[in-house]
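1. I need the structure of the sequence given here:
(one chain, ligands or ions: 1)
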Amino acid sequence: MHTQLPLWIDTIQTAADTRQLDDLKASLMGKTGTVTLALKNLGQLSIDEKKAKGAEINAIRDALIAAFTAKFDALTTEAINKKLSAEAVDITLPTRHAVGSQNSIGRIHTLTSLMLEIKDFFYKRGFTFAEGPEVEDEWHNFDALNIPSHHPARQNHDTFYIKTDSLSNMNEEPSQLPHSHLLRTHTSTVQIRALAKEKPPLRLISFGRVYRSDDLDATHTPMFHQIEGLVLDKGIHMGHLKGLIREFCSTLFGVSNVPVRFRPSFFPFTEPSAEVDIACSRKDGKLMIGEGGDWLELLGCGMVHPNVLTNCGVDPAEYQGFAFGIGLERLCMLKNGIIDIRQCYEGDDAWLKHFGSFSF
Ligand code: PHE
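-> Predicted coordinates for the structure are as follows:
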């Protein structure tokens, strides 16, 4: 059989296309191919013959596989190159859509327009914008916010920690600084950053990306956006928080006196803490916000914990206030009836056209 090998190899190397190559492969190595049958027939030979013949056929098979793979790669590359040069496009030509038609104009992404709408609401009420970095340290993300070291949110599987040796200008041994930097898990970090610069009275709002080691499914992504609010002044109480949130919900959903409910909850950085639900109902599979007997969770909030104020050098006996945190995608999904959060980031043209807007 080895005498035929050079001929086979030659036929492989001169095959005109992949179809010819596939036929050749089947005739040699398919179920009833020459080489396959030769391997099968080994069983009828004596042990010594089997050893010698077996080694020979296996070597032939390996040589054939190598030749087939090389020729297949060469033919595919050749086909791709041919196709590319045949289909070359002149990207300087104008598109088929008339210039200036709606199809050729970009739109504001629904997340962006919602963000602008929310900003507008708070700016009109005297809030200013505050910012913080996405790569944070444990102090701003956890400790200063009264989150103890044993809190589950601090574990590796919930938070994206950054290896210290991947950050420049660090002299310390990485092992001495475990977990010192991370991707912020919430925008509450901005409360701490702002209080390092400004002292109360203050009203601020912040927006940005946050990261959690979550699954990727219809309602979770490892990155999403939050809106954070903080109000500190003398004599601020829960009533102020409730009034503001009620007004916010009514404005956002365009329903006056929208029913909202404050459900007791827990956050280490607020006391008392609450989650806010908005009334809703489902009619014919459609979600109606602002009416009905069901409730949908909207945001987390509470009165700023005295420990947080003390950590930031503010006297809790003098200044009090509230904070709230809203998930932007969640709000956007509720408002627009979007059922899969991943669509927000996929950049699908039809989706962007449908949910995008020309103004907010
Ligand atoms: N930081 C909280 C979260 O990410 C939300 C929150 C912000 C709650 C401010 C209370 C006050 O879930």
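2. tell me how many other residues crowd Gly327.
-> Residues lying near Gly327 (other C-beta atoms under 10 Å) number 19. Heads up, the C-betas are built off the backbone N, CA and C, glycines and all.
3. could we number from 6 for the rest of this?
-> OK, 6 is where the count begins now, so the last one is Gly332.
4. hang on, it packs against Val281?
-> No. Taking contacts as C-beta atoms under 8 Å, Gly332 lies outside contact range of Val281: 11.9 Å.
5. which residues do these two both contact?
-> Counting by C-beta atoms under 8 Å, 6 or more residues apart in numbering, the contacts common to Gly332 and Val281 are Leu304.
6. could you say what helices and strands the lengthiest helix in the chain packs with?
-> As assigned by DSSP state H, the longest helix anywhere in the chain is helix 52-91. In this structure, helix 52-91 packs against helix 10-18, helix 23-34, helix 39-46, with contacts taken as 3 or more C-beta pairs under 8 Å, 6 or more residues apart in numbering; DSSP states H and E.
7. taking the stretch 6-155 of the chain, what residue is nearest to the ligand?
-> Per C-beta to the nearest ligand atom, the residue of the stretch 6-155 of the chain with the smallest distance to the ligand is Leu150, at 8.0 Å.
8. can you give me phi and psi for the residue lying closest to that residue once chain neighbours are set aside?
-> Closest residue in space to Leu150, ignoring its immediate chain neighbours: Phe274 at 4.1 Å, by C-beta to C-beta, 6 or more residues apart in numbering. Main-chain dihedrals, Phe274, degrees, to the nearest 10: phi -100, psi 0.
9. okay, Phe274: pLDDT?
-> In this prediction, Phe274 carries a pLDDT score of 97.
10. any buried residues in the longest helix of the chain, and which?
-> For helix 52-91, the buried set under the neighbour-count rule, 16 or more other C-beta atoms under 10 Å, comprises 58, 62, 65-66, 68-69, 72-73, 76-77, 80.
11. immediately after it, which helix or strand?
-> Scanning forward in sequence from helix 52-91 by DSSP states H and E, the next helix or strand is helix 115-128.
12. let me have the helices and strands packed on helix 52-91 in JSON lines, adding distance to the ligand and mean pLDDT as columns.
-> Formatted as JSON lines, the helices and strands packed on helix 52-91 follow (distance: least, C-beta to the nearest ligand atom, whole Å; pLDDT from 0 to 100):
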{"stretch": "helix 10-18", "distance to the ligand": "62", "mean pLDDT": "94"}
{"stretch": "helix 23-34", "distance to the ligand": "54", "mean pLDDT": "90"}
{"stretch": "helix 39-46", "distance to the ligand": "62", "mean pLDDT": "90"}
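13. I'd like these laid out as a markdown table, including distance to Leu188 and mean neighbour count.
-> As requested, those are exported to a markdown table (distance: least, C-beta to C-beta, whole Å; neighbours: other C-beta atoms under 10 Å):
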| stretch | distance to Leu188 | mean neighbour count |
| --- | --- | --- |
| helix 10-18 | 52 | 14 |
| helix 23-34 | 46 | 16 |
| helix 39-46 | 54 | 15 |
